[in-house]
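Visitor: here is a sequence with its predicted model. Questions after.
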Amino acid sequence: MRPDKPRDPVAGPGTGPEDPFPIRLSGPVIKGFGRGSKDLGIPTANIPADDLSERYPDLATGVYYGVVALDPAKFKYEGQESEKPTILPAVLSIGYNPFYKNTVRSVEIHIMPPLTQPSPTAEGQTKFQQLPDFYGTPLHLLLLGYIRPEYDYVSLEALVEDIRVDCEVARQSLMREAYRCYLGEEGTVAAKGEEERKWLVSF
Ligand SMILES: Cc1cc2nc3c(=O)[nH]c(=O)nc-3n(C[C@H](O)[C@H](O)[C@H](O)COP(=O)(O)O)c2cc1C
Ligand SMILES: Nc1ncnc2c1ncn2[C@@H]1O[C@H](COP(=O)(O)OP(=O)(O)O)[C@@H](O)[C@H]1O
Ligand SMILES: [Mg+2]
């Protein structure tokens, strides 16, 4: 069960991602149990978790933050005109969803709006970003940090509120100079994270 204590506003070292991060994960967006949008109002793009245990046998289950890109041949983010994919902030869970007692591990990614836009999940708000569906679209994900373990919750509302806080922790963590460069925004140090950014947008 979720421990009853206040949450840290950021996660991971301020100096930038530390071993084993950044971690590259990718795959086509597949169907999950359909609970994200329907039960929680939080859509999560699921990608296959099959080769995780082989590639990262020690990767802890839990909640992570990172950045994602979607194949522009199949999905364009609002306002995106060119074939250059938009890199967006993301928060995700890797695990068994103890609240739902899943028996297989899943990777579920909630894609957030750019950091330059106001947060729709600031305290007191629960307007998680809802995009048009993009099932089947190839997705590249760069894991940059670990936030917390997965928990069971006393109620659905408690789970939703903790995921809202995860979104804020992810945002604040990614806002830091040493992480923001992975989003490839103007004004950030271009050289840093360049190789990872190149991989992110190559489909
Ligand atoms: C940031 C984030 C944190 C999550 N944390 C938990 C958690 O602590 N416990 C849990 O049971 N599920 C957690 N979930 C998973 C949700 O329960 C899951 O996304 C939901 O069941 C949707 O599943 P579906 O994609 O199969 O429809 C989390 C999801 C996200 C995106
Ligand atoms: N902000 C978002 N983040 C992730 N997926 C989103 C988002 N907005 C819409 N989607 C779409 O919603 C789908 C996920 O909804 P969800 O209810 O979790 O269903 P499933 O159980 O099939 O994963 C994604 O596969 C994607 O097509
Ligand atoms: Mg999902």
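Guide: Yep, it's here. Ligands and ions are numbered 1, 2, ... in the order given.
Visitor: C-alpha only now, for contacts and for neighbours.
Guide: Will do.
Visitor: buried residues in the longest helix belonging to the chain?
Guide: Assignment by DSSP state H gives helix 156-175 as the longest helix of the chain. For helix 156-175, burial by neighbour count (16 or more other Cα atoms under 10 Å) applies to 159-161, 163-171, 173-175.
Visitor: measure the closest residue to residue 159 other than its chain neighbours to ligand 1 for me?
Guide: Ranked by Cα to Cα, 6 or more residues apart in numbering and with sequence neighbours excluded, the top spatial neighbour of residue 159 is residue 153, at 5.9 Å. Distance, residue 153 to ligand 1, by Cα to the nearest ligand atom, to the nearest Å: 7 Å.
Visitor: likewise for residue 86?
Guide: Residue 86 is 20 Å from ligand 1, by Cα to the nearest ligand atom.
Visitor: hmm, back to that, tell me which other helices or strands the helix or strand following the longest helix of the chain touches.
Guide: Moving toward the C-terminus from helix 156-175, the next helix or strand (DSSP states H and E) is helix 177-180. Judged by 3 or more Cα pairs under 8 Å, 6 or more residues apart in numbering; DSSP states H and E, helix 177-180 is in contact with no other helix or strand.
Visitor: show the average pLDDT along helix 177-180.
Guide: Mean pLDDT, helix 177-180: 93.
Visitor: and the helix or strand following that helix, how far out from the chain middle?
Guide: Next along the chain after helix 177-180, taking DSSP H and E as the criterion, comes helix 194-200. With Cα atoms, centre = their mean, to the nearest Å as the basis, helix 194-200 stands 17 Å off its chain's centre.
Visitor: what helices or strands is helix 194-200 leaning on?
Guide: strand 138-148.
Visitor: direction included, what does the strand it packs on pair up with?
Guide: strand 23-28 (antiparallel), strand 62-70 (antiparallel) (DSSP bridges).
Visitor: deepest-packed of these, please.
Guide: strand 62-70 (a mean of 26; mean count of other Cα atoms under 10 Å).
Visitor: any idea of the angle that one forms with helix 156-175?
Guide: Going by axes from the mean of the first three to the mean of the last three Cα atoms, to 10 degrees, strand 62-70 is angled at 60 degrees with respect to helix 156-175.
Visitor: can the strands paired with strand 138-148 go into CSV with extra columns for distance to residue 80?
Guide: Shown next, in CSV, are the strands paired with strand 138-148 (distance: least, Cα to Cα, whole Å):
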stretch, distance to residue 80
strand 23-28, 20
strand 62-70, 12
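Visitor: sorry, back to before: helices and strands around the longest helix of the chain, which ones?
Guide: Against helix 156-175 (3+ Cα pairs under 8 Å, 6+ apart) you get strand 62-70, strand 88-95, strand 138-148.
Visitor: and it, anywhere near ligand 1?
Guide: Yes - Helix 156-175 lies within reach of ligand 1 by Cα under 6 Å from any ligand atom, at 163, 166.
Visitor: with just CA atoms, put that helix into PDB.
Guide: Output of helix 156-175 as PDB, limited to C-alpha atoms (Å, rounded to 0.1, in the frame of the first residue of the first chain):
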ATOM      1  CA  LEU A 156      -9.100   4.600  -7.600                       C
ATOM      2  CA  GLU A 157      -9.100   8.300  -6.700                       C
ATOM      3  CA  ALA A 158      -5.900   7.800  -4.600                       C
ATOM      4  CA  LEU A 159      -4.200   6.100  -7.600                       C
ATOM      5  CA  VAL A 160      -5.200   8.900  -9.900                       C
ATOM      6  CA  GLU A 161      -3.900  11.600  -7.500                       C
ATOM      7  CA  ASP A 162      -0.600   9.800  -7.100                       C
ATOM      8  CA  ILE A 163      -0.200   9.600 -10.900                       C
ATOM      9  CA  ARG A 164      -1.100  13.300 -11.100                       C
ATOM     10  CA  VAL A 165       1.800  14.000  -8.700                       C
ATOM     11  CA  ASP A 166       4.000  11.700 -10.800                       C
ATOM     12  CA  CYS A 167       3.300  13.900 -13.800                       C
ATOM     13  CA  GLU A 168       4.400  17.000 -11.800                       C
ATOM     14  CA  VAL A 169       7.500  15.200 -10.500                       C
ATOM     15  CA  ALA A 170       8.400  14.200 -14.100                       C
ATOM     16  CA  ARG A 171       7.800  17.700 -15.300                       C
ATOM     17  CA  GLN A 172       9.900  19.300 -12.600                       C
ATOM     18  CA  SER A 173      12.600  16.700 -13.100                       C
ATOM     19  CA  LEU A 174      12.800  17.300 -16.800                       C
ATOM     20  CA  MET A 175      12.700  21.100 -16.500                       C
END
